[in-house]
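Student: Could you look at this predicted model? Sequence included:
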Amino acid sequence: MFKGTVLSIHITPSAAGRMVSVKEIRAVPGRGLDGDRYFHQLGTFSKTPGSGREVTLISIEALEALKRDYGIAIDAGDSRRNIVTRGVPLDHLVGREFTVGSVSLRGMRLCEPCGHLEKLTQEGVRAGLVHRAGLRAHILTEGTIRPGDPVEA
């Protein structure tokens, strides 16, 4: 099917805090990524009903397209997504199980860009990432994720 790779991992302990890159992260079913805002129920949308707030993924290809098509360059962490991938068709993983390293995930829904993301980055990011801003997923098995880990369906 495909075999992609984790390029980087980003978390922040607060809703509007700057995302920081980490060398590894523990994924916990029902909680999220240890140390991230949603793990501690402190994210901007923690109180809003909805699935897939345990972990978010975005492809580097989407960020490259944002720069190419809209002239907007943002750092991977500024996308506010936790895991940046290469070579992964994230839109195709809605409703499917896949692995990131040794951790099993289930794609829940697309992670469409919001006004909060645009407020924290720049005007035009929301329009430029519509339908390609990533994937929200549930964590099915506990484990550690690191840059360089394979992503496979």
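Tutor: That came in fine, so what should we check first?
Student: contacts and neighbour counts: CA atoms only from here.
Tutor: Fine.
Student: Tell me the first helix or strand C-terminal of the helix or strand of the chain with the lowest mean pLDDT.
Tutor: Using mean pLDDT, DSSP states H and E, helix 115-120 stands out as the lowest-scoring helix or strand of the chain, at a mean of 67. Proceeding C-terminally, helix 115-120 gives way to helix 125-129 as the next helix or strand, assigned by DSSP states H and E.
Student: which parts of that next one are buried?
Tutor: Using 16 or more other Cα atoms under 10 Å as the test for burial, helix 125-129 gives 125-126, 128-129.
Student: a markdown table please, covering those and showing pLDDT and distance to A137.
Tutor: Listed next are the buried residues of helix 125-129 as a markdown table, based on pLDDT from 0 to 100; distance: Cα to Cα, whole Å:
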| residue | pLDDT | distance to A137 |
| --- | --- | --- |
| V125 | 79 | 22 |
| R126 | 76 | 20 |
| G128 | 71 | 22 |
| L129 | 79 | 18 |
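Student: need these in JSON lines with distance to R37, can you?
Tutor: Conversion of the buried residues of helix 125-129 to JSON lines gives the following (distance: Cα to Cα, whole Å):
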{"residue": "V125", "distance to R37": "22"}
{"residue": "R126", "distance to R37": "21"}
{"residue": "G128", "distance to R37": "25"}
{"residue": "L129", "distance to R37": "22"}
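Student: what about the longest helix in this protein?
Tutor: The helix spanning the most residues in the chain, taking DSSP state H as the definition, is helix 60-70.
Student: now for that helix, which elements pack on it?
Tutor: Other elements packing on helix 60-70 under the criterion 3 or more Cα pairs under 8 Å, 6 or more residues apart in numbering; DSSP states H and E are strand 83-86, helix 125-129.
Student: quick revisit: going by distance to M19, which of the buried residues of helix 125-129 wins?
Tutor: Distance to M19 across the buried residues of helix 125-129 (Cα to Cα) is lowest for V125, with 16.7 Å.
Student: wait, isn't the closest one in contact with A73?
Tutor: No - in this structure, V125 sits apart from A73 without contact. The criterion is Cα atoms under 8 Å, and the distance is 9.1 Å.
Student: Pick the one among the buried residues of helix 125-129 closest to R86.
Tutor: Sorting the buried residues of helix 125-129 by how near they are to R86, with Cα to Cα, puts L129 at the top with 16.3 Å.
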